[in-house]
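Colleague: make a model of this:
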Amino acid sequence: MESDQVWVHADGIEPSLEGMVLIKGGKFLMGTQEKAGFPEDGEGPVRNIKVNSFYMDAHTVTNASFARFIEETGYQTEAEQFGWSFVFYKLVSEETARKVRQKVAHTPWWLVVEGATWDHPEGPDSDLENRMDHPVIHVSWKDATEYCKWAGKRLPTEAEWEYAARGGLVQKTYPWGDELTPDGEHQCNIWQGNFPKDNTMEDGYLATAPAKSFPANGYGLYNMAGNVWEWCSDWFATNIHKRGGKDNPKGAETGTSKVTRGGSYLCHDSYCNRYRVAARTANTPDSSTGNLGFRCVVDV
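Modeller: The predicted structure follows:
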């Protein structure tokens with residue numbers, strides 16, 4: 001159930017709980033050992049984890065919300081500071097494409113686009129028209145944490161994220177069950193067709209969908225699979241199950257990359273089947289891309 005209460009944060013900031021959902025704490029089976037998984041990512045083994053109650057955004061932080069943060073604080077994102085960010089090649093204009101001088105070697109569909117930022121997602125000649133309700137993208141881990149501080153909130157731990165994403169279901173592949181498209185209905189925004197050349201857009205989207213799209217999971221949370229990857233607070237480690245603890249684990253103490261969860265509109269079974277609930281990957285904290293966003297939580 002979404003709440004409109006106001007909760008006093010430990011730092012004295014009063015975060016609004018409007019648009020947040022109370023996730024009642026409990027124990028759950030985290031991880032997976034299913035064949036579709038990636039053992040090298042540290043998805044398994046399955047372990048019994050306990051988390052306390054918390055509030056979570058019903059959907060990812062939108063462009064509209066991030067714009068308010070920027071307007072009130074004057075904050076400059078890391079993509080703005082660096083002067084560029086990664087954009088999927090099919091999304092840039094012909095004019096912008098002609099100016100691109102660098103691609104990612106092993107994933108050439110990612111272009112280094114100068115002037116790509118949260119408010120110019122595909123480069124300087126793009127804007128947020130008709131996308132204010134879409135998830136904000138091109139935000140680094142630092143950008144996300146700065147927003148959280150401003151809002152009196154924080155990023156979820158990886159355990160909290162997976163517990164919430166499962167929506168009360170036990171060891172299901174997706175937030176809604178084991179079948180990707182039950183009764184032929186799309187439940188998330190991922191790639192359909194031949195990646196990375198042809199997207200049939202059977203789910204209705206080539207890039208991001210509105211943050212509140214598709215049916216919510218059992219806890220009332222939207223797009224816990226697909227659309228955009230979501231930053232978590234944890235440092236990434238593949239053996240965290242051996243040393244992370246089972247009571248409100250917070251991940252590795254140090255690392256080089258931060259955990260991201262949920263998959264994105266670019267995920268496809270042939271390339272990146274990581275829109276499953278247990279799937280995980282990571283990115284360096286200063287990274288920003290056109291398929292990376294976040295949602296916030298508040299302690300109870």
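Colleague: R98 - that's part of a helix, no?
Modeller: Yes: residue state for R98 (DSSP: H, G, I helix; E, B strand; the rest coil) corresponds to a helix.
Colleague: number of residues surrounding it?
Modeller: R98: 8 surrounding residues under other Cβ atoms under 10 Å. No exception for glycine: its C-beta is placed from N, CA and C like everyone else's.
Colleague: what pLDDT is listed against it?
Modeller: We have a pLDDT of 95 for R98.
Colleague: could you do the one 4 residues further on as well?
Modeller: According to the per-residue confidence, Q102 scores 88 in pLDDT.
Colleague: I figured it hits V112, correct?
Modeller: Yes: between Q102 and V112 there is a contact at 4.1 Å, judged by Cβ atoms under 8 Å.
Colleague: out of these two, which sits in the busier spot?
Modeller: Neighbour totals were compared for Q102 and V112, and V112 leads with 15 against 11 (other Cβ under 10 Å).
Colleague: that's a strand at the more buried one, yeah?
Modeller: Yes: counting by three-state DSSP, V112 is part of a strand.
Colleague: test of understanding: give the bridge partners of it.
Modeller: Beta bridges link V112 to F86 when assigned by DSSP bridges.
Colleague: report back the residue of the protein that's furthest from centre.
Modeller: For the chain, the largest distance from the centre (Cα atoms, centre = their mean) belongs to R98, which lies 29.9 Å off.
Colleague: where's the nearest residue to P39 once chain neighbours are set aside, which helix or strand?
Modeller: Closest residue to P39 apart from its sequence neighbours, by Cβ to Cβ, 6 or more residues apart in numbering: Q33 at 7.9 Å. Per DSSP states H and E: Q33 is located in neither a helix nor a strand.
Colleague: what about Q33, how many neighbours?
Modeller: Other residues lying near Q33 total 12 when counted by other Cβ under 10 Å.
Colleague: can you pull the contacts of it?
Modeller: Under the criterion of Cβ atoms under 8 Å, 6 or more residues apart in numbering, the neighbours of Q33 are P39, E43, G44, P45, V46.
Colleague: what's the distance between the fourth one and G255?
Modeller: For P45, the distance to G255 under the criterion Cβ to Cβ, to the nearest Å works out to 21 Å.
Colleague: more neighbours: these two, which one.
Modeller: Shown here are P45 and G255; by other Cβ under 10 Å, G255 has more neighbours (16 against 12).
Colleague: perfect, that will be all.
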